[in-house]
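Trainee: my questions are about this predicted structure, shown below with the sequence.
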Amino acid sequence: MQTTVKTAISFRGNGLHSGRPATVTVRPAGVHHGIWFKRTDVHLGDTMIAARWDAVNRSPLCTKLENAAGLQVSTVEHLMAALAGCGIHNALVEIDGPEVPILDGSSAPFVRGIMTRGVRFQAAPVMAIEVLKEVTVRDGDAMATLVPSDTLRIDFEIDFADAAIGHQRKTLVMNNGSFARELCDSRTFCRQADVEAMQANGLALGGAAGLNAVVFDGDAVVSPGGLRHADEPVRHKMLDALGDLALAGAPLLGHYTGVRAGHSLTNTLLRKLFGTPGAVRMVECDGAIAARLPGFGLVWNEIPAVA
């Protein structure tokens, strides 16, 4: 069955890149609505922006959505990951600014908010996107691929010169609450030199104190409190991947592998997937398939108490 949130839930904070405060309110929506953003601070023209792969204005730093009128909302990936990880299929996301608040840099505040309000089941079957053919995209030494699988599996590998990050790899099957339990509290990360460079260019203003991101400097973790997981960086990259894959428009049944992949490359992968004849088909989820979707099996006491 499709799902939506039981009641509206709001979040307020600064954007990571713009530093501008914004309030996001996730509201219930009807069956077959999908996920849409609405810019409530704009009063002329089309204020609705679809949370879909073909509405992405590709950027290396975050996932930015844009409608045909040019209206944008950016840094949607952590909220999209939370919605997918909680198994939410239908929601209207109202926002009074151009960037989703970064909050603590993870999806945990969104997950806890959604689960506090609760999930409402709707009288309509879930349609999933089944991957039928392997598709792969590359950009230098970065690679992203999707292959057929009976559930969504994410495999990610990163390799940084910074000793505090280094080489990390992790694989997870994204059902039975694994997103909330294993990934949702993992924060975005960057290097101190990157923060300084971005701030010099008027970016990363919301992360100036290291409170909204994990900041690394060589072999040191600069951010107060250290890491939440020894491999928090690769876990966050998997979180980002789930949020970007949620822009497929329906739950994916496929095995995603990312090697040094980012937001732009994952979107390029979705564009190739949907542009390849015979690479996907829509399937109606029976009970067995539904039990393999993200969000199934999520229980409150498995959500990390960090936010």
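Mentor: Alright, I've got the coordinates.
Trainee: would you map the strands across the stretch 51-200 of the chain?
Mentor: 64-66, 72-74, 91-95, 119-122, 127-131, 135-139, 142-148, 153-159, 167-173, 189-191 (DSSP state E, counting those that start in this stretch).
Trainee: can you tell me which of the ones you listed has the worst average pLDDT?
Mentor: Mean pLDDT per stretch puts strand 189-191 lowest among these, at a mean of 83.
Trainee: what's that one packed up against?
Mentor: Strand 189-191 is packed against strand 214-217, helix 232-245, with contacts defined by 3 or more Cβ pairs under 8 Å, 6 or more residues apart in numbering; DSSP states H and E. Heads up, the C-betas are built off the backbone N, CA and C, glycines and all.
Trainee: out of these, which gets nearest to Gly113?
Mentor: helix 232-245 (15.8 Å; Cβ to Cβ).
Trainee: and after that closest one, which helix or strand comes next?
Mentor: strand 252-259 (DSSP states H and E).
Trainee: quick one: strands adjacent to that following strand?
Mentor: In the sheet, strand 252-259 lines up against strand 127-131 (parallel), strand 142-148 (antiparallel), strand 153-159 (parallel) (DSSP bridges).
Trainee: is it possible to export those strands to a markdown table including distance to His236 and mean neighbour count?
Mentor: Output for the strands paired with strand 252-259, formatted as a markdown table (distance: least, Cβ to Cβ, whole Å; neighbours: other Cβ atoms under 10 Å):
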| stretch | distance to His236 | mean neighbour count |
| --- | --- | --- |
| strand 127-131 | 24 | 20 |
| strand 142-148 | 16 | 19 |
| strand 153-159 | 10 | 19 |
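Trainee: which one of the ones you listed lies nearest to Ser59?
Mentor: strand 142-148 (15.0 Å).
Trainee: quick one, domains of the chain?
Mentor: According to automatic domain parsing, the chain comprises the domains 2-122, 127-302.
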